[in-house]
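>>> Sequence first, predicted model second:
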Amino acid sequence: MPGASFTPTMHACHRFSHFCDFYSYHSLHPFTMTVIDKVKNAVHSSDSSSQQPPAAAQMGHAQDSDKLPELPEQPAFDHEKITVIFVLGGPGAGKGTQCERLVRDYGFVHLSAGDLLRAEQQRPGSTYGEMIQTYIKEGQIVPMEVTVKLLENAMRDALAKPPSFPEGSALAEGWTGGRGRFLIDGFPRKLDQAHKFDQSVCQSSFVLFFSTTEEVMLGRLLERGKTSGRADDNRESIVKRFRTFVETSMPVVDEYREQGKVVEVDSSPSVDEVYAKVRVALAQRLSGPQSVSA
């Protein structure tokens, strides 16, 4: 339209529309076409005010840069000794449940980015607690500097005091001579987080991606919300988290897929069925560099 201005919000909507259209015609991911349709409707809404972040989140953004941790320019850990597997999937995809079994059977240390953030939020005297609370409540992504630093600190703690295994267990070999094995759950949620982690903490090995439908994830989270006590296990926060995942986290999966560093597992079936697929897929992935699906 002559004389019309194309605002940053309109640019964002336009880019996201193309993103959604891409996934409408490509079946690389079984993850939720329903949520994509809902997000497309949301970004094309004529009510431009709905495109703005909540006021509390806007205030947080303005203040955050003054107290973010500094990250090193070189990796803190040697990727030839430290194995890092990113575990990704929409909220309620079952990442944590599967990680528990991988810890038991493969000797990994499981680090949940979400759990680390919630623990830091509740830690007395935390510099970042109030900021984290605001972002989580509004379904926004916490600044990457905070999350990356918490992950680095947790890895240092684990390497300083490795997990214990039964005498003679082969799993202990993964923690000798400065070696370590980590599953990082729910991270990275954006491409800049992935790049920053590889740059300043440790080069990741590959991504374990759990894909399922919105209906499955919503049902799981609402059921969990009855007993979890988590502020973000309510319908409104869940919808925001769905939108955030589709818009920001799927490009992470795509980039790693292009590098042949993705193991994708359909997490819709039962826990036991999914874990059987995980073990098969990991065996295939560890035997070669190719990307696989199960």
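Ah, there it is. Keep in mind that this is a model prediction, so the values were computed, not measured.
>>> can you map out the helices along the stretch 151-294 of the chain?
Taking DSSP state H, counting those that start in this stretch to define them, one finds helices in the stretch 151-294 of the chain at 191-200, 214-228, 235-244, 250-258, 271-286.
>>> count of residues packed around A170?
Using other Cβ atoms under 10 Å, A170 is surrounded by 8 other residues. Quick note: C-beta positions are derived from backbone N, CA and C, even for glycine.
>>> Which pLDDT does the model give it?
We have a pLDDT of 88 for A170.
>>> and the gap between it and E80?
Here A170 is placed at a distance of 20 Å from E80 (Cβ to Cβ, to the nearest Å).
>>> K261 now?
Note on K261: its distance to E80, by Cβ to Cβ, is 16 Å.
>>> So those two - more neighbours on which side?
K261 (19 against 8).
>>> my read is L88 is in a strand, agree?
Yes. Under DSSP: H, G, I helix; E, B strand; the rest coil, L88 sits within a strand.
>>> which residue packs closest to it, ignoring adjacent ones?
In space, L88 comes closest to F209 once its chain neighbours are excluded; the distance is 5.0 Å by Cβ to Cβ, 6 or more residues apart in numbering.
>>> Which pLDDT value belongs to the one you found?
94.
>>> Might one say that it is in contact with S267?
No. Judged on Cβ atoms under 8 Å, F209 makes no contact with S267 at a distance of 9.3 Å.
>>> what sits in contact with each of the two?
Common contact partners of F209 and S267 (Cβ atoms under 8 Å, 6 or more residues apart in numbering): G89.
>>> Where do the helices of the stretch 1-150 of the chain begin and end?
Counting by DSSP H, counting those that start in this stretch, the helices of the stretch 1-150 of the chain are 8-25, 33-43, 55-64, 95-106, 113-122, 129-137, 144-160.
>>> Alpha carbons only: can I get the shortest one in PDB?
Meaning helix 129-137. What follows is helix 129-137, C-alpha atoms only, in PDB (Å, rounded to 0.1, in the frame of the first residue of the first chain):
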ATOM      1  CA  GLY A 129      15.700 -14.700  40.700                       C
ATOM      2  CA  GLU A 130      13.200 -11.900  40.100                       C
ATOM      3  CA  MET A 131      14.200 -11.700  36.400                       C
ATOM      4  CA  ILE A 132      13.800 -15.400  35.900                       C
ATOM      5  CA  GLN A 133      10.400 -15.400  37.700                       C
ATOM      6  CA  THR A 134       9.100 -12.700  35.300                       C
ATOM      7  CA  TYR A 135      10.200 -14.500  32.200                       C
ATOM      8  CA  ILE A 136       8.900 -17.900  33.200                       C
ATOM      9  CA  LYS A 137       5.500 -16.500  34.300                       C
END
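>>> That helix packs against which elements?
Helix 129-137 sits against helix 55-64, helix 113-122, with contacts defined as 3 or more Cβ pairs under 8 Å, 6 or more residues apart in numbering; DSSP states H and E.
>>> ok, and for that helix, which residues are buried?
Buried residues in helix 129-137, counted by 16 or more other Cβ atoms under 10 Å: 129, 131-136.
>>> Low-confidence bits of this protein, can you list those?
For the chain, the stretches with pLDDT under 70 are 1-66, 227, 229-233, 286-294.
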